Every structure is written in C-alpha cells, then in structure tokens.
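In: Got a sequence here, can you build the structure:
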Amino acid sequence: MNKNTEFHITIFAYPGVQMSAVLGLQDVFDIANQVSSSTEGMISKVKIADEEQLLNIPSTSNVVILPPNLSGSRGEDKTQIHEYLQKSHANGTVMCSVCAGAFWLGNSGLLDNRPATT
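Out: Model prediction:
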C-alpha cells in the first residue's frame, strides 16, 4: 500500500460524550499510524469534532465514530445530527459506535431493520 494513502476518521464529541473514550480512540489510531508509517501502510487522519464542527465543516471522513457517554445522552432530539449521519452514510461514510453511541445511530434511523448490540 502506498505510504501517502490517507484514511479520514471523525470521532464525534457530542455533548455528554465520555472524553476518556474519545481520547482513547485517538490514542489507538495514533499508535496504529506509528506502526503503519514504518511499513509504508495507510495513515489515518483523525479529527475530533463537536456538534458545530460536524455540521459546519465539509466532511471528508471515511468513518464516523460515535463514542459512549456518561450523561445518558442518546441524541433523540438531534435532527440535524441525524440528517448529517444519514447523508454521510448514503454517500459512503462508514458509521460505527462504541457502547451507548449505538443509540445515536439508532435514533438517526440508520439501524432500522438491522441487528445491533451495544
């Protein structure tokens, strides 16, 4: 694989997100990049985005990750976020979650008629 190949990952830091999970995910990708760069592998460009950044910055993400939270936040009333997730997914972005982040995907409709676990 070409060393210059980049893979864009966005970690959504929504209100109430568990920041230790957000930063832990970023650390894992940073370590993977160190290993990958020594073998001319793919490099992940990781961006942590809050709600405003997610909605107002054009997405180049190959993957969006919804981490867990400490607040019970499930995104039930976040219509703009739901629309962003649906549109991004329709355009080929892979959506994934960690633990309770799955409720954000469920509330967006992306898990309708699909098996899912948390």
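
In: now the strand or helix carrying Val64, how far from the chain's geometric center?
Out: Element membership of Val64, judged by DSSP states H and E, is strand 63-66. Mean-position distance between strand 63-66 and its chain equals 1 Å (CA atoms, centre = their mean, to the nearest Å).

In: again with stretch 28-43
Out: With CA atoms, centre = their mean, you get 19 Å for stretch 28-43.

In: With only the CA atoms kept, save it in CSV.
Out: Only the C-alpha atoms of stretch 28-43 are listed here, as CSV (Å, rounded to 0.1, in the frame of the first residue of the first chain):
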residue,chain,number,x,y,z
VAL,A,28,-5.2,3.9,19.4
PHE,A,29,-5.2,5.5,15.9
ASP,A,30,-2.1,7.4,16.7
ILE,A,31,-0.3,4.2,17.7
ALA,A,32,-1.6,2.5,14.6
ASN,A,33,-0.2,5.3,12.5
GLN,A,34,3.2,4.9,14.0
VAL,A,35,3.2,1.2,13.1
SER,A,36,1.7,1.8,9.7
SER,A,37,4.2,4.5,8.8
SER,A,38,7.1,2.2,9.4
THR,A,39,5.7,-0.3,6.9
GLU,A,40,4.5,2.1,4.3
GLY,A,41,0.9,1.4,5.2
MET,A,42,-2.2,3.6,5.3
ILE,A,43,-2.2,6.6,7.6
